[in-house]
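1. Structure for the following, please:
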Amino acid sequence: MSEIITEYRNENTKNIDLLSTIDIVRKINEEDKLVALAIEDETPNIARAVDIIAKQFLKGGKLYYYGAGTSGRLGILDASECPPTFGVAPDMVQGIMAGGDRAFKLAVEGAEDNYELGRKDAEVLTNNDVAVAISASGNPKYLLGVLQKAEEVGCKTIAVTCNHKAAILEEAGHGICVEVGPEVIAGSSRMKAGTAQKMILNMLTTGAMIKIGKTYENFMIDLMPTNEKLKDRAIRIVSEIAGANASTALETLIESDWKVKTAIIMLKCNMTKEEANEILRKNCGVLRRVLKSMTVV
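-> Numbers count the residues shown, from 1 in each chain. Take a look at the predicted model:
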């Protein structure tokens, strides 16, 4: 039997091909329920990773996700959602796949086994950055190349895997291992392992963004209102935090160039756009610091 737990056969689904459609779906759902419980046991390590990432962000560093196959695609997905959600620059969080952009849609044979390719893709890293190696099995040579190159430049490294025997756990400075057990279909790590990885990546970026002030309470105050849905959300956020009606919130958002934090400060602190932007700058863009320091109207 393989030593890689993600390749084990699931005894609970041995006869899944004989089941009715509804029972197939129920079996998958039963297995999916185990994912969140497995992650719960690893929350202290996830929290430590969040703190590492937030600390490097405050130094001006970037977060890079590295992976192959499903893991690489999940990294790219999470990275691509950060600019519209948190208003950060597109290069602040990046996803890099073994095999390049082409591998996002099509398999690139041998890419995950290419150690030198990993080293090459890690040449962008600096000592202010964080490299997160993502892999269900945790053994691709590509990721070992990434991690070694990262170590050479003093980059912080984190491993995210579903296998306690993963090689990347040994190589990374910090490890997160969530063993979700054998997949519904043996070896199909896009399923429970993929779900676990997606949930962890959500925690890493969301947690780090909260820590550096990209939210106020549970509002995404740095969102980029690039469509009607997001503009409506921005109006509701400003209305709620500033205690203004929708029309006043809209008027102030337009005046502030659709900058949610600026609009809130303008309304709550009776400031001009220029004054609001300046006090935000002095407080590193953290809205809670501004409101705490001001006597609001």
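2. what's the next secondary structure element after the one helix or strand residue 80 maps to?
-> Secondary-structure assignment from DSSP states H and E places residue 80 in helix 69-86. Per DSSP H and E, the first helix or strand lying C-terminal to helix 69-86 is strand 93-97.
3. how far out from the middle of the chain is the helix holding residue 80?
-> 7 Å (C-alpha atoms, centre = their mean, to the nearest Å).
4. tell me what that helix is packed against?
-> The contact analysis (3 or more C-beta pairs under 8 Å, 6 or more residues apart in numbering; DSSP states H and E) places helix 69-86 against strand 63-67, strand 93-97, strand 130-135, helix 192-211. From N, CA and C alone the C-beta is placed, and that goes for glycine too.
5. Dump these into a markdown table; add mean neighbour count as well.
-> Conversion of the helices and strands packed on helix 69-86 to a markdown table gives the following (neighbours: other C-beta atoms under 10 Å):
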| stretch | mean neighbour count |
| --- | --- |
| strand 63-67 | 28 |
| strand 93-97 | 23 |
| strand 130-135 | 30 |
| helix 192-211 | 21 |
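6. Make JSON lines out of the ones you listed and add distance to residue 24 and mean pLDDT.
-> Listed next are the helices and strands packed on helix 69-86 as JSON lines, based on distance: least, C-beta to C-beta, whole Å; pLDDT from 0 to 100:
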{"stretch": "strand 63-67", "distance to residue 24": "28", "mean pLDDT": "98"}
{"stretch": "strand 93-97", "distance to residue 24": "30", "mean pLDDT": "97"}
{"stretch": "strand 130-135", "distance to residue 24": "27", "mean pLDDT": "98"}
{"stretch": "helix 192-211", "distance to residue 24": "15", "mean pLDDT": "96"}
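7. Go through the ones you listed and name the closest to residue 294.
-> helix 192-211 (21.6 Å; C-beta to C-beta).
8. where does the stretch 51-200 of the chain dip in pLDDT?
-> Scanning the stretch 51-200 of the chain for pLDDT under 70 picks out nothing.
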